[in-house]
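A.B. asks: I would like the atomic coordinates for the input below:
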Amino acid sequence: ACAVAALVALSFSGAVGLTFLMLGCALEYYGVYWPLFVLIFYFLCPIPHFIARRVADDGDAASSACRELAYFFTTGIVVSAFGLPIILARVEAIKWGACGLVLAGNAVIFLTILGFFLVFGRGDDFSWEQW
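C.D. replies: Presented below is the predicted three-dimensional model:
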């Protein structure tokens, strides 16, 4: 029951984040779809964590070099996702209002991804591996 409620909450927050992203692109005043390139970062973000969990065989260790490298790459991906709309707005490819909407969407989506790993990443009774 708790996992279902968490899944519904995460789905709702993901939909809110994608709505912010779509508003930054599709509103008639903005009308440019360049910010959709941040979708690539949304898909790339969990990949280092998945690889680190698969490769690291010391599950009991508090920290490992592989896990730390995964954190480093994930941080780079997240920072790039926040940097892209700022750069696009700076070179006037998109308007600053669209940049703000995309940044708000980024924050919500990345918090949703973090919430997914906090809720379902433990592997106790429910694991992402069964998806």
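
A.B. asks: Enumerate the positions of the worst-scoring helix or strand of the chain on mean pLDDT that are buried.
C.D. replies: Every helix and strand in the chain was compared by mean pLDDT, DSSP states H and E; the lowest is helix 47-55, with a mean of 88. Neighbour-count burial for helix 47-55, counted by 16 or more other Cβ atoms under 10 Å, picks out Pro48, His49, Ala52, Arg53. Any C-beta I mention is one placed from the backbone N, CA and C, and that applies to glycine too.

A.B. asks: Same question for stretch 25-37.
C.D. replies: Cys25, Tyr30, Trp34, Pro35.

A.B. asks: And the pLDDT at the last one?
C.D. replies: Which is Pro35. Model confidence at Pro35, given as pLDDT, is 92.

A.B. asks: give the contact list for it.
C.D. replies: Applying Cβ atoms under 8 Å, 6 or more residues apart in numbering to Pro35 gives the contacts Leu21, Gly24, Cys25, Leu84, Pro85, Leu88, Ile94, Ala98, Cys99, Val102.

A.B. asks: Go again with 6 Å.
C.D. replies: Gly24, Cys25, Pro85, Val102 (Cβ atoms under 6 Å, 6 or more residues apart in numbering).

A.B. asks: Give me the subset of those lying in strands.
C.D. replies: Using DSSP state E, the subset of the contacts of Pro35 located in strands is empty.

A.B. asks: Selecting buried members of these in PyMOL, what would you type?
C.D. replies: To isolate the buried members of those in PyMOL, using 16+ other Cβ under 10 Å:
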select buried, resi 24+25+85+102
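
A.B. asks: Which pair of the contacts of Pro35 spans the longest distance?
C.D. replies: The span of these, defined through Cβ to Cβ, is set by Cys25 and Pro85 at 10.5 Å.
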